[in-house]
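K.L.:
Predicted model and sequence follow; I will ask about them next.
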Amino acid sequence: MATDRPTPEPLDSAASIAPAVLVLPAVAFDPPFDERELWLERLPIETAYEIPGADGPLYVTADTRVAVTTTGLGKAPAATTVAALWGAGGLDLSETYWLSAGIAGSAPARAALGSVVVADAILDWDRKHRWDPTELGPPTEGDNVNDPSPARDADRSAVEQLAYLPEDALFDVEPALVELARDAASDVALTTDRGVRDYQETYPDAPASAPAVDVGPTVTSDEFWHGTGVAREVDSLAAAYGIDPYVTTQMEDAATATALGRFDAADRYLSLRAVANYDRPAPGETVHDSFEGTTDSVALARENVVRVGLAVVDRLCELAARTRSGD
């Protein structure tokens with residue numbers, strides 16, 4: 001249930017608000033897709049500020065250690081929000097840690113629904129070559145040459161690393177921060193849901209387990225892609241970058257990391273994503289029926305990412321305090 005929120009006001013450019021951690025959920029849509037609400041409920045929010053160019057208000061705790069704002073859905077809004085925050089008069093983000101925290105998809109075999117994954121690498125799915133598989137030319141080594149076209153072509157790799165600055169598609173998260181997040185999450189009790197577990201079990205490849213905390217690569221895309229064939233292509237691109245298998249999929253984190261890199265802050269960035277849905281249908285489902293998961297699976301993911309996120313925020317605040325004191 002929502003509680004009273006402070007009314008956003010203009011931020012005085014002479015102020016010097018320097019949060020230790022800035023939490024970035026993507027959206028504040030209607031439930032269950034409101035990634036911001038639980039943060040505002042569980043943090044001691046006291047003030048809110050209008051930030052020109054940002055997706056929404058910046059909410060700040062009473063001690064100014066933690067701030068929360070949405071990035072917006074997708075890469076362009078996320079990058080724009082980061083730039084707007086960085087350029088806002090009255091905000092000092094020169095030592096701030098940035099934490100993306102929201103829901104995500106996953107391949108069924110790689111995580112239980114409601115699991116929380118700390119990203120150790122972030123791949124931009126949209127920066128690639130994508131070829132028509134029927135026009136790739138003669139089969140190459142590794143192709144099934146005994147299988148006639150077009151069935152053979154459907155299984156051939158239709159995506160490759162972009163020839164132009166391919167390294168810009170992959171962001172490696174600071175290992176020390178990944179380890180900090182993993183350690184912070186180790187004592188967090190994740191919640192479970194019997195109905196979500198029943199839905200999970202409709203996927204034969206899904207783990208027979210409750211939600212857990214894991215570390216692994218995440219893939220960013222502006223596409224709402226969904227389905228087994230596209231997932232094979234995502235696997236192929238992840239393999240080309242040596243980070244396969246990907247664990248989660250989302251729509252903002254590559255852009256957030258890129259924008260922070262432009263401000264020399266990429267080493268202070270973490271991504272937490274909780275699995276709300278699987279990236280392909282269960283047997284008997286269609287892509288349209290399955291792409292959002294269920295209301296309960298989304299709510300479960302939203303709850304668990306905030307549980308883990310609050311523990312990570314505490315550790316980052318401690319780290320920021322030690323850094324600022326020179327310890």
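P.N.:
Happy to help now that I have it. Numbers count the residues shown, from 1 in each chain.
K.L.:
For the helix ranked longest in the chain, name the packing helices and strands.
P.N.:
Counting residues, the longest helix found in the chain (DSSP state H) is helix 295-325. Applying 3 or more Cβ pairs under 8 Å, 6 or more residues apart in numbering; DSSP states H and E, we find helix 295-325 packed against strand 21-24, helix 37-42, strand 97-106, strand 116-124, helix 175-185, helix 194-200, strand 269-278. To be clear about C-beta, it is placed using only N, CA and C from the backbone, and glycine gets the same treatment.
K.L.:
The closest residue to A266 other than its chain neighbours: what's it in contact with?
P.N.:
Nearest residue to A266, sequence neighbours excluded (Cβ to Cβ, 6 or more residues apart in numbering): L260, at 4.9 Å. When contacts are counted by Cβ atoms under 8 Å, 6 or more residues apart in numbering, L260 touches 82, 98, 266, 268-269.
K.L.:
Neighbour-wise, which one of the residues you listed leads?
P.N.:
Counting neighbours by other Cβ atoms under 10 Å, V82 comes out on top of these with 27 neighbours.
K.L.:
tell me the two of the contacts of L260 that are most distant?
P.N.:
Using Cβ to Cβ, these reach their maximum pairwise distance at V82 and R268, which is 12.0 Å.
K.L.:
Could you tell me which residues touch both of the two?
P.N.:
By Cβ under 8 Å, 6+ apart, the residues touching both V82 and R268 are 98, 260.
K.L.:
ok and the longest helix of the chain relative to strand 116-124, angle-wise?
P.N.:
Helix 295-325 and strand 116-124 are oriented at 80 degrees to each other (axes from the mean of the first three to the mean of the last three Cα atoms, to 10 degrees).
K.L.:
Can you give me the buried ones in helix 295-325?
P.N.:
Using 16 or more other Cβ atoms under 10 Å as the test for burial, helix 295-325 gives 296-313, 315-317, 319-320.
K.L.:
Contact partners for G105?
P.N.:
226, 248-250, 275-279.
K.L.:
Could you report the separation of it from G227?
P.N.:
11 Å (Cβ to Cβ, to the nearest Å).
K.L.:
who touches both of these two?
P.N.:
With Cβ under 8 Å, 6+ apart, G105 and G227 have common neighbours D279.
K.L.:
Of all the residues in stretch 247-262, which ones are buried?
P.N.:
247-260.
K.L.:
that older thread, out of the contacts of G105, who's nearest A88?
P.N.:
For these, the residue nearest A88 by Cβ to Cβ is Q250; the value is 24.9 Å.
K.L.:
nearest residue to the closest one other than its sequence neighbours?
P.N.:
Leaving aside its sequence neighbours, Q250 sits nearest to A104 (Cβ to Cβ, 6+ apart; 4.4 Å).
K.L.:
Identify the structural domains in this protein and state their residue ranges.
P.N.:
By the record's domain assignment, the chain is partitioned as 9-127+162-325, 130-161 (automatic domain parsing).
K.L.:
Now the terminal residues of the shortest one, how far apart.
P.N.:
Taking Cα to Cα, to the nearest Å, domain 130-161 runs 9 Å from one end to the other.
K.L.:
okay, and for this protein, where does confidence drop off?
P.N.:
1-3, 139-157, 327 (pLDDT under 70).
K.L.:
For A101, give the beta-bridge partners.
P.N.:
Beta bridges link A101 to L272 when assigned by DSSP bridges.
K.L.:
re the thing from before, most neighbours per residue, which of the domains of the chain?
P.N.:
Greatest average neighbour count among the domains of the chain goes to domain 9-127+162-325 (a mean of 19), per mean count of other Cβ atoms under 10 Å.
K.L.:
Pull up the distance across that one, start to finish.
P.N.:
31 Å.
K.L.:
And stretch 13-22, by the same measure?
P.N.:
19 Å.
K.L.:
can I assume V287 is in contact with P281?
P.N.:
Yes: the pair V287 / P281 is scored as a contact, 5.7 Å apart, by Cβ atoms under 8 Å.
K.L.:
Find residues that contact each of these two.
P.N.:
With Cβ under 8 Å, 6+ apart, V287 and P281 have common neighbours 226-227.
K.L.:
List of residues touching stretch 275-286?
P.N.:
By Cβ under 8 Å, 6+ apart, stretch 275-286 touches 103-108, 111-117, 199, 202-204, 206, 211, 225-228, 230-231, 234, 248-249, 287, 289-294, 297-298, 300-302.
K.L.:
how about the residue nearest to Q250, what does it touch?
P.N.:
Neighbour list for A104: 117, 218, 248-250, 273-276, 301 [criterion: Cβ under 8 Å, 6+ apart].
K.L.:
gap between it and G216?
P.N.:
From A104 to G216 the distance is 11 Å (Cβ to Cβ).
K.L.:
Quick check: neighbours shared by the two?
P.N.:
Common neighbours of A104 and G216 (Cβ under 8 Å, 6+ apart) are 117, 248.
K.L.:
Would you mind measuring from P211 to L99?
P.N.:
19 Å.
K.L.:
And for E252?
P.N.:
Taking Cβ to Cβ, one finds E252 at 12 Å from L99.
K.L.:
if I look at the two, which residues touch both of them?
P.N.:
With Cβ under 8 Å, 6+ apart as the test, E252 and L99 both reach L24.
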